[in-house]
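Peer 1: coordinates for the following, if possible.
(one chain, ligands or ions: 3)
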Amino acid sequence: LGVRLNRICCIGAGYVGGPTMATIALKCPQLEVVIVDMNEDRIKRWNSDELPIYEPGLTEVVKACRGKNLFFSTDVKKGIEEADIIFASVNTPTKTQGVGKGRAADLRFIESVGRTIAQYANRSKIVIEKSTVPIKTAEAIARVLSANEAAAGGSKNFWILSNPEFLAEGTAMKDLDEPDRVLIGGQDQDAIQVLADVYANWVPRDRILTTNLWSSELSKLVANAMLAQRVSSINSISRLCERTGADVKEVARAIGTDSRIGPKFLNASVGFGGSCFQKDILNLVYICQQFGLEECAAYWQQVVDMNDYQKTAFTSKIIQSLFNTVTKKKIAVLGFAFKKDTGDVRETPALMVCDMLMKDGAIVHVYDPKVVIEDALTEFKYHDLEVNTNQLIFSKSPQEACDGAHAIVVLTEWDEFKTYDYKSFYDKMMKPAFLFDGRNMLDHAALVDIGFEVHALGKGQIKSSGGQSQIPDFVTRAGSGLLSGGYSP
Ligand code: UDX
Ligand code: UDX
Ligand code: ADP
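Peer 2: Ligands and ions are numbered 1, 2, ... in the order given. As a prediction, this is how the structure comes out:
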């Protein structure tokens, strides 16, 4: 191909670009890796002791490589000029206006990357699409690049590859270190080989899968859609369990031992969140519709609808249990991130739960070990949800959040939530003291023993360790007629 493989540039220093490039730098000391981003503040933080994202193990790797073969910069032009391999790892949110609003991916960032590369590329380059993008995006980038090259009368080549990232937040460094597979899609075998050789520095060859561009692009959407579908499936069963006296954990355990089903991703929850699941499914829905496959679109749309229902049904249950009103009541929310071990709040289920509680007049006191209030407020704003800051308070400690509260609501499965002294929280709460476990992670019988009225996902009445139920029957029965359509965010 005539490209030299000693410098890699990544455009976009986010949740994907940052950890991925840090790992490449660590595993390939012979390569120089430069991450560029137009967001000055973000780059400043990547170059400081306080990285812009929290990811277990990331700081250590960045510290080991930064300034040696890992660099963070706002100089996009220089980054493109000096590298032979360019990763595009920019955000691809769901469109908020225009054609495909609410479903289609907003490709303006990825397109702008294509145009920027066209503008600054001084020689032939391999361009790798690392963001989650709808099928045929690579083709669009290729067209932007070749049209610009032709217009300038140049003869540079651009090889476009799709290399979707499958890391999950909170376990990104481990996922990158030992991936189940690396997927590379492209038309040119030599270009594919150049990238495969980079990964082969630490990934066994049989885990590096190569395929055509479009299979690669679609695989990423489908992987996320299938994972999300499992969560919506078990969540739908959790609702049924609450009505029937079955326990969703027992059901998950029983079906998970079937090797065809497998035990992972069967935890019932208040709903899935994160920047990928909903966005990718909506994208899949939109693509199906574009190809006239209405039934397929409706099938996948239901996964998102089920997720929204799970969030509203959970919150309705809180309001209903608290005697049908939470107006002026202090509610302690433990966890705001969309999952544990991350400070990321994109599409977190906490957003809808807190919004619904606040619309009912509650004063919500949130404690999360990593989330900062500014990020939470930005996410509310992004979803056009108004927040009265007198109603949303971020507490410095779980004690502070629970002091004088009517209820504790667990929304993220942080490990530290298991270690708290709930008796001391209980003593300072209003009575009856309620606890709603949106992650099914606490010892419910022990909490009942303390005196809490406990509501867990996918479980009927919760009994004390001595077998005594403390939830009056009428409460559980009242729960069965809960509203589900009354809330609109
Ligand atoms: C099923 C369950 O597997 C079994 O555990 C239960 O006790 C009875 O029902 P069975 O109906 O005999 O068993 O066959 P199974 O292998 O599950 O296949 C069911 C159908 O799904 C078949 O028509 C099969 O062709 C189809 N199938 C299965 C697919 O189309 N694709 C697949 O990947 C798997
Ligand atoms: C996901 C994919 O797992 C990853 O491969 C892809 O690259 C990006 O999208 P991520 O969004 O970081 O990763 O987290 P993930 O662990 O998949 O969890 C997504 C959401 O589902 C979280 O809100 C999580 O709490 C929820 N979830 C997951 C459940 O509610 N129950 C489960 O059993 C598993
Ligand atoms: P992801 O979770 O996919 O990594 P993020 O939003 O965390 O997404 O990161 C994407 C980053 O890409 C942001 O920091 C954004 O500033 C950057 N970015 C987007 N478009 C461009 C561009 N044209 N040039 C440089 N950086 C860009």
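Peer 1: so Gly262 sits against Gly256, correct?
Peer 2: Yes. Here Gly262 reaches Gly256: they are 6.4 Å apart, a contact under Cβ atoms under 8 Å. C-beta: built from backbone N, CA, C; applies to glycine.
Peer 1: and these two? which has more neighbours close in?
Peer 2: Taking other Cβ atoms under 10 Å, Gly262 and Gly256 do not tie; Gly256 has more neighbours (15 against 12).
Peer 1: what's the separation between the more buried one and Lys249?
Peer 2: 10 Å (Cβ to Cβ, to the nearest Å).
Peer 1: list the buried residues of stretch 382-394.
Peer 2: For stretch 382-394, burial by neighbour count (16 or more other Cβ atoms under 10 Å) applies to Leu385, Val387, Gln391, Leu392, Ile393, Phe394.
Peer 1: correct me, but the first one touches Val353?
Peer 2: Spelled out, it's Leu385. No. Leu385 is not in contact with Val353 according to Cβ under 8 Å; the separation is 11.7 Å.
Peer 1: how about the residue nearest to Ala83 when sequence neighbours are not counted, what does it touch?
Peer 2: Leaving out its chain neighbours, the residue that sits closest to Ala83 by Cβ to Cβ, 6 or more residues apart in numbering is Cys9, at 3.5 Å. By Cβ atoms under 8 Å, 6 or more residues apart in numbering, Cys9 lies in contact with Val33, Val34, Ile35, Val36, Gly79, Ile80, Glu82, Ala83, Ile85, Ile86, Phe87.
Peer 1: what about 6 Å?
Peer 2: Applying Cβ atoms under 6 Å, 6 or more residues apart in numbering to Cys9 gives the contacts Val34, Gly79, Ala83, Ile86.
Peer 1: tell me the SS of it?
Peer 2: strand (DSSP: H, G, I helix; E, B strand; the rest coil).
Peer 1: any idea how far it is from ligand 2?
Peer 2: Separation of Cys9 from ligand 2 (Cβ to the nearest ligand atom, to the nearest Å): 22 Å.
Peer 1: pLDDT at that residue, what is it?
Peer 2: At Cys9, the model reports a pLDDT of 97.
Peer 1: how close does it sit to ligand 3?
Peer 2: For Cys9, the distance to ligand 3 - Cβ to the nearest ligand atom - is 11 Å.
Peer 1: just Leu176 next, same as before
Peer 2: Counting by Cβ to the nearest ligand atom, the separation of Leu176 from ligand 3 is 13 Å.
Peer 1: which strand or helix spans the nearest residue to that residue once chain neighbours are set aside?
Peer 2: Spatial nearest neighbour of Leu176, chain neighbours left out: Thr23 (4.2 Å); criterion: Cβ to Cβ, 6+ apart. When elements are defined using DSSP states H and E, Thr23 is found to belong to helix 17-27.
Peer 1: pLDDT weak spots in this protein?
Peer 2: Along the chain, the parts satisfying pLDDT under 70 run over 4, 467-489.
Peer 1: ok so, going back, inside strands: which ones of the contacts of Cys9?
Peer 2: Among the contacts of Cys9, the subset assigned to strands under DSSP state E consists of Val34, Ile86.
Peer 1: ok, of the contacts of Cys9, which one's closest to ligand 2?
Peer 2: Using Cβ to the nearest ligand atom, Ile86 is the member of the contacts of Cys9 that lies nearest ligand 2, at 20.7 Å.
Peer 1: give me the number of neighbouring residues for the closest one.
Peer 2: Other residues within reach of Ile86, judged by other Cβ under 10 Å, total 25.
Peer 1: my guess is it contacts Val127. True?
Peer 2: Yes. Here Ile86 reaches Val127: they are 5.2 Å apart, a contact under Cβ atoms under 6 Å.
Peer 1: would you map the strands across the stretch 1-150 of the chain?
Peer 2: Under the criterion DSSP state E, counting those that start in this stretch, the stretch 1-150 of the chain contains strands at 7-11, 32-36, 70-73, 85-88, 125-129.
Peer 1: what's the closest of these to Ile43?
Peer 2: The minimum distance between Ile43 and the strands of the stretch 1-150 of the chain falls on strand 70-73, with 5.1 Å, by Cβ to Cβ.
Peer 1: what's the burial count for Leu334?
Peer 2: 30.
Peer 1: now Leu240
Peer 2: 12.
Peer 1: show me the contacts for Trp46.
Peer 2: Taking Cβ under 6 Å, 6+ apart, we find Trp46 in contact with Ala13, Phe72.
Peer 1: from Ala337, how far out is it?
Peer 2: 20 Å.
Peer 1: do the same with Ala83
Peer 2: 33 Å.
Peer 1: the two: which is more packed in?
Peer 2: Taking other Cβ under 10 Å, Ala83 and Ala337 do not tie; Ala337 has more neighbours (28 against 25).
Peer 1: wait, doesn't that one sit right on Pro369?
Peer 2: No. Between Ala337 and Pro369 there is no contact under Cβ under 6 Å: 8.5 Å.
Peer 1: please enumerate the strands of the stretch 151-300 of the chain.
Peer 2: According to DSSP E, counting those that start in this stretch, the strands that the stretch 151-300 of the chain contains are 158-162, 182-186, 208-211.
Peer 1: I'd like the ones you listed written out as JSON lines, with distance to Ile373 added.
Peer 2: Converted to JSON lines, these look like this (distance: least, Cβ to Cβ, whole Å):
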{"stretch": "strand 158-162", "distance to Ile373": "37"}
{"stretch": "strand 182-186", "distance to Ile373": "37"}
{"stretch": "strand 208-211", "distance to Ile373": "42"}
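Peer 1: of the ones you listed, which approaches ligand 2 most closely?
Peer 2: strand 182-186 (11.1 Å).
Peer 1: for the closest one, which strands pair with it and how are they oriented?
Peer 2: strand 158-162 (antiparallel), strand 208-211 (parallel) (DSSP bridges).
Peer 1: can you list the buried residues in the last one?
Peer 2: So that's strand 208-211. Of the residues in strand 208-211, Ile208, Thr210, Thr211 count as buried by neighbour count, 16+ other Cβ under 10 Å.
Peer 1: from those, which is closest to Ala121?
Peer 2: Using Cβ to Cβ, those come closest to Ala121 at Thr210, 24.5 Å.
Peer 1: backbone dihedrals for the residue most central in space within the chain, please?
Peer 2: Nearest residue to the geometric centre of the chain (Cα atoms, centre = their mean): Gly274, 2.2 Å. When read as degrees, to the nearest 10, the backbone of Gly274 gives phi 100, psi 160.
Peer 1: gap between the closest residue to it other than its chain neighbours and Phe277?
Peer 2: Ranked by Cβ to Cβ, 6+ apart and with sequence neighbours excluded, the top spatial neighbour of Gly274 is Phe338, at 4.7 Å. Here the criterion is Cβ to Cβ. By it, Phe338 lies 9 Å from Phe277.
Peer 1: same thing with Glu149?
Peer 2: Remark: distance between Glu149 and Phe277 (Cβ to Cβ) = 37 Å.
Peer 1: that older thread, please identify the deepest-packed of the strands of the stretch 1-150 of the chain.
Peer 2: strand 85-88 (a mean of 27; mean count of other Cβ atoms under 10 Å).
Peer 1: is ligand 3 contacted by that strand?
Peer 2: No. Remark: strand 85-88 sits outside contact range of ligand 3, by Cβ under 6 Å from any ligand atom, the gap being at least 8.4 Å.
Peer 1: now tell me what touches that strand from outside.
Peer 2: Against strand 85-88 from outside (Cβ under 6 Å, 6+ apart): Ile8, Cys9, Cys10, Ile11, Val113, Lys125, Ile126, Val127, Ile128, Glu129, Lys130.
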